[in-house]
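# Return atomic coordinates for the entry below.
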Amino acid sequence: MSFDDLLVELQGQRTVQEDPANVPLDKLFNESFMSKHSSFDSFGAFVEKGNFQIHTQEDVNNIPDELFDRHVARSTDFPDWKSMLETANKEYAGS
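Sure thing, here's the model as predicted:
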């Protein structure tokens with residue numbers, strides 16, 4: 001480790017890299033994304049409107065596909081959850 005790296009670490013300025021496979025839902029579906037693709041300004045408002053309790057990707061996985069796909073198709077410009085998730089990942093990776 002170089003002296004500069006050590007200095008940065010000791011000063012607490014080292015940035016933590018996010019794992020792209022585990023991006024928090026609120027960052028992935030940020031206000032800009034939700035406003036662009038739906039009538040909601042947050043992912044929380046979107047899931048609340050569908051009467052879903054979602055805090056993690058696991059919560060999303062526990063919702064029957066048919067129910068969540070129907071909510072996505074009704075409330076966004078995506079035909080299903082998979083399309084919405086893929087687009088969000090692409091847009092997040094590009095930012």
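
# any idea how far the residue nearest in space to the middle of the chain lies from E66?
In the chain, the centroid-proximal residue (CA atoms, centre = their mean) is L28; its distance is 2.4 Å. Separation of L28 from E66 (CB to CB, to the nearest Å) stands at 22 Å. C-beta coordinates here come from the backbone N, C-alpha and C atoms, glycine included.

# tell me the helices in this protein, going along the chain?
With DSSP state H as the criterion, the chain has helices at 3-10, 25-28, 31-37, 43-49, 57-61, 65-75, 81-94.

# thought H71 was touching F40?
No - here H71 lies out of contact with F40, judged by CB atoms under 8 Å, at a distance of 11.3 Å.

# Need the overlap of contacts for these two.
Shared contacts of H71 and F40 (CB atoms under 8 Å, 6 or more residues apart in numbering): K49.

# Any stretches of the chain with poor pLDDT?
1-21 (pLDDT under 70).

# tell me the phi and psi of the residue lying closest to F52 once chain neighbours are set aside?
Spatially, and ignoring its direct neighbours in sequence, F52 is nearest to I63 (6.0 Å; CB to CB, 6 or more residues apart in numbering). The phi/psi pair for I63 (degrees, to the nearest 10) reads phi -80, psi 130.
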